[in-house]
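Provide a 3D model corresponding to the input given below.
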Amino acid sequence: MKIRKIFCATAGWMIALTVVGAENAPSLVRVTPTVKAVAKAMPGVVNLSTEKVIEAPESGKFTEAMFTRQTGYSLGSGSIIDPSGLIVTNAHVVRRAIKINITLSDGKRYRGRIIAENDLNDIALIKIIGQADSQSFKTVKMARPDDLMLGETVIVVGNPYGLGSSITKGVLSATSRKVTYQGKVLFKDLIQTDAPVYPGSSGGPLINLAGDMIGITTATLRQTQGIAFAIPLERIENILARWLIPERFNDVSLGIIPAVTIKADGQPFFFLADVIEGSPAWTAGLRAGMEIKQIDGEKIDSLIKLSRKLWKIKFGEAVKVACANNRSYRIVAAKISPEDGLHMAVTRLGLKLYPLTAKLAKALHYPFRGGLVISDYYNNGGAKPARGDILYQLGDVTINSQDDIVSALRNSHYDDRIKAVVISVRKRNDKYYLLKKNISFRVR
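Residues are numbered from 1 along each chain as shown. Below you'll find the model as predicted:
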C-alpha cells in the first residue's frame, strides 16, 4: 500500500491519497453490476439434457431417421424457482423427453421429472427427484411482471452442455412484440432484446441488473442479428399458477386458481382466474373474477410467491382469502375423494388402459419402467390410438400412473377436447424405434 500526495495549484490544497496494492485493485474495477447480477442468478440456473424421441413428419412415411432415440442430448437451460427443486424452462427444451438429467452450476447432477408442460405457451415445469427432503436449492429470484424499462441492460444466463455458465448481454429493445406464423398471431407479449441467445441457453432466464428474472429466453429471429425474444414474466407466472396448486401435488382440494394482469396504469391486478366447482373455495363463496387482496393477512404483491404458498398446503390446513368486496373467506383444504383413474379413462375418454410392468416393457421393447398401455378405445370421433401405445401425456399432465389420469381429468368438462401424446414402438431391420403421436380425446 502506498500514500501519495496530490497538490492542486489553482485551489491551493493538498490531499493524501491511499493507493490500494495492485493485488487488490482489480476487485474495485471489475466487479461491475453485470458481474454482481450474474453471481446472484447463476447458482439457480441449470443445464437440462435428456434422452428423447424424434417426431415423425405429418406425411407418416416411415424412415429410420424418424424414430431415432438420442441419448445424452443436451437441450438447454432452466431456472430453479423454488428451494424444493422446481424448475421452469421452455416446453420445446423438454419436448419428447424420456429421461431428463439436470446439472447444477456447481456440477452436481440429478434426475428430473416433468410436472407439466404447455406447448402453446412454450413453458414447462420440472421437479428435481432423488434429493433429500431437507435439501434446499438456490433459486432465481423473479422480478415484478410490470418492472421493465426500455433500454435497460439485460443478461441472458445459461448453463449449456453442463459447462457451468454462458453469459451474453444486451438491452431490452421492446416489449409486447407480436410473433406470427402463416398469418396467425402466436404471441403478442414477447420481450425483445439484442442479447445473443445460443441454443444451449434457451429456456434459461433473462435477468436485469438486479439479478432478477424478467423472462425466459426462447428464440432468435432467423437470418438476423441482434433480435432475440423472451417469454415475459406475466405469462410465466399465470401458467405456473395453474400448476402450483395442492390438487396437483398433495392430493387435497383447495379450489382456487389465482392470476395476475397488468392494468393500464402499470399496476398488477390479482384475481381468481377460476374456482373449481364443488371445491372448498366454491363452497365458501369464492367465484372466478373476484379480485384478491390478501392471503392469511398478508398483502399479495407477487403471484409466484402466492403460488409457492398454495402448492404446499396440506390436508386440514386453512387459508383466509380477503377480496376487494371487503369480505374474507376461510377455506379448509379437503382430502380429494379417491378415484380410480383407470375407470375414469374408460367412462370419460372411452380409453381402456392397464399398467406397464417391467416385464411387459421389456417384451414391448419400451425404455420406460412405468406408465399406462392402451388396450382398447371406444370413443367416437377424432384420431384413434393403437393398441399397445403408451399414453405419455394427457392435457398438461405427464402420465406415469392412474393417479395422473385423475389429475388430468379433474377439471375437464363434458364435450371438452383434451390433447394427448401417445408413443408407439416400430421395428425396422431388427431395430426398434419410438414414434410420438399427437392426438386429442373428446371428454364424455
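
now do the strands in the stretch 251-400 of the chain.
For the stretch 251-400 of the chain, the strands defined by DSSP state E, counting those that start in this stretch cover 252-253, 256-262, 268-275, 292-295, 298-299, 318-323, 328-332, 334-335, 351-355, 372-377, 390-394, 397-398.

what is the longest one packed up against?
For strand 268-275, the helices and strands in contact under the criterion 3 or more Cβ pairs under 8 Å, 6 or more residues apart in numbering; DSSP states H and E are helix 233-243, strand 256-262, strand 292-295, helix 303-310. (C-beta placed from N, C-alpha, C; glycine too.)

same thing with the second one?
In terms of contacts (3+ Cβ pairs under 8 Å, 6+ apart), strand 256-262 is packed against helix 233-243, strand 268-275, helix 303-310.

you'd agree residue 42 is up against residue 106?
No: here residue 42 does not reach residue 106: they are 9.7 Å apart, not a contact under Cβ atoms under 8 Å.

quick one: which of the two has more around it?
Comparing residue 42 with residue 106 by neighbour count (other Cβ atoms under 10 Å), the higher total belongs to residue 42, at 22 against 9.

so residue 94 makes contact with residue 88?
No: using Cβ under 8 Å, residue 94 is not in contact with residue 88; the gap is 10.9 Å.

where do the contact lists of these two overlap?
By Cβ atoms under 8 Å, 6 or more residues apart in numbering, residue 94 and residue 88 have these common neighbours: 124, 126.

where do the helices sit along the stretch 1-150 of the chain?
Ranges of helices within the stretch 1-150 of the chain are 25-30, 33-41, 91-94, based on DSSP state H, counting those that start in this stretch.

and the ones you listed, which is most packed in?
Compared across the helices of the stretch 1-150 of the chain, helix 91-94 shows the largest average neighbour count, a mean of 22 (mean count of other Cβ atoms under 10 Å).

list the helices and strands that helix packs on?
Against helix 91-94 (3+ Cβ pairs under 8 Å, 6+ apart) you get strand 45-53, strand 69-82, strand 109-118, strand 123-129.

okay, the ones you listed in a markdown table with mean pLDDT next?
Shown next, in a markdown table, are those (pLDDT from 0 to 100):
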| stretch | mean pLDDT |
| --- | --- |
| strand 45-53 | 80 |
| strand 69-82 | 75 |
| strand 109-118 | 88 |
| strand 123-129 | 93 |
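
out of the ones you listed, the one nearest residue 352 is which?
Residue 352 lies closest, by Cβ to Cβ, to one member of those: strand 45-53, at 23.7 Å.

the closest one vs helix 33-41, what angle?
Going by axes from the mean of the first three to the mean of the last three Cα atoms, to 10 degrees, strand 45-53 is angled at 60 degrees with respect to helix 33-41.

which strands and helices sit next to strand 45-53?
By 3+ Cβ pairs under 8 Å, 6+ apart, strand 45-53 packs against strand 69-82, strand 86-89, helix 91-94, strand 97-103, strand 431-442.

centre of the chain to the third one, how far?
Spelled out, it's helix 91-94. Distance, stretch centre to chain centre, for helix 91-94: 9 Å (Cα atoms, centre = their mean, to the nearest Å).

domain boundaries for the chain, per the record?
In the domain annotation for the chain, the residue ranges read 2-32, 33-232, 244-335, 341-442 (automatic domain parsing).

can you give me the helices for the stretch 151-300 of the chain?
Under DSSP H, counting those that start in this stretch, the stretch 151-300 of the chain gives helices at 233-243, 246-249, 280-284.

possible to save the ones you listed as TSV with distance to residue 412?
Output for the helices of the stretch 151-300 of the chain, formatted as TSV (distance: least, Cβ to Cβ, whole Å):
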stretch	distance to residue 412
helix 233-243	14
helix 246-249	13
helix 280-284	17
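
out of the strands of the stretch 251-400 of the chain, which gets nearest to residue 428?
With distances scored as Cβ to Cβ, the stretch of the strands of the stretch 251-400 of the chain nearest to residue 428 is strand 390-394 (18.8 Å).

so how far is the closest one from its chain's centroid?
Distance, centroid of strand 390-394 to centroid of chain: 19 Å (Cα atoms, centre = their mean).

can I get the CA coordinates of it in CSV?
Provided in CSV are the C-alpha atoms of strand 390-394 (Å, rounded to 0.1, in the frame of the first residue of the first chain):
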residue,chain,number,x,y,z
ILE,A,390,-48.2,-45.8,-24.3
LEU,A,391,-50.3,-42.9,-23.0
TYR,A,392,-47.5,-40.4,-22.4
GLN,A,393,-49.3,-37.1,-21.8
LEU,A,394,-52.9,-36.0,-21.2
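
what's around residue 365, how many residues?
13.

low pLDDT regions in the stretch 1-150 of the chain?
1-28, 52-74, 96, 132-133 (pLDDT under 70).

any idea which of the helices and strands packed on helix 91-94 is most buried?
When the helices and strands packed on helix 91-94 are compared using mean count of other Cβ under 10 Å, strand 45-53 is most buried, at a mean of 25.

sorry, back to before: in a markdown table: the helices and strands packed on strand 256-262, plus distance to residue 374 and mean pLDDT.
Listed next are the helices and strands packed on strand 256-262 as a markdown table, based on distance: least, Cβ to Cβ, whole Å; pLDDT from 0 to 100:
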| stretch | distance to residue 374 | mean pLDDT |
| --- | --- | --- |
| helix 233-243 | 26 | 93 |
| strand 268-275 | 30 | 93 |
| helix 303-310 | 34 | 92 |
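
highest average neighbour count across those?
helix 233-243 (a mean of 22).

what's it packed up against?
strand 109-118, strand 123-129, strand 213-220, strand 256-262, strand 268-275, helix 303-310.

run the chain-centre distance for it.
With Cα atoms, centre = their mean, you get 8 Å for helix 233-243.

would you mind extracting the C-alpha trace of that helix into PDB?
Taking C-alpha atoms only, helix 233-243 is exported to PDB below (Å, rounded to 0.1, in the frame of the first residue of the first chain):
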ATOM      1  CA  LEU A 233     -42.900 -12.900 -16.500                       C
ATOM      2  CA  GLU A 234     -46.600 -12.100 -16.500                       C
ATOM      3  CA  ARG A 235     -47.300 -15.100 -18.800                       C
ATOM      4  CA  ILE A 236     -44.900 -17.400 -17.000                       C
ATOM      5  CA  GLU A 237     -46.500 -16.600 -13.600                       C
ATOM      6  CA  ASN A 238     -50.000 -17.200 -14.900                       C
ATOM      7  CA  ILE A 239     -49.200 -20.500 -16.300                       C
ATOM      8  CA  LEU A 240     -47.300 -21.600 -13.200                       C
ATOM      9  CA  ALA A 241     -50.300 -20.500 -11.100                       C
ATOM     10  CA  ARG A 242     -52.400 -23.100 -12.800                       C
ATOM     11  CA  TRP A 243     -49.900 -25.800 -12.000                       C
END
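
quick one, that helix and strand 123-129 angle?
Using the same axes, to 10 degrees, helix 233-243 lies at 60 degrees relative to strand 123-129.

need the helices and strands packed on strand 268-275 in JSON lines (columns: distance to residue 421).
Shown next, in JSON lines, are the helices and strands packed on strand 268-275 (distance: least, Cβ to Cβ, whole Å):
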{"stretch": "helix 233-243", "distance to residue 421": "17"}
{"stretch": "strand 256-262", "distance to residue 421": "24"}
{"stretch": "strand 292-295", "distance to residue 421": "34"}
{"stretch": "helix 303-310", "distance to residue 421": "25"}
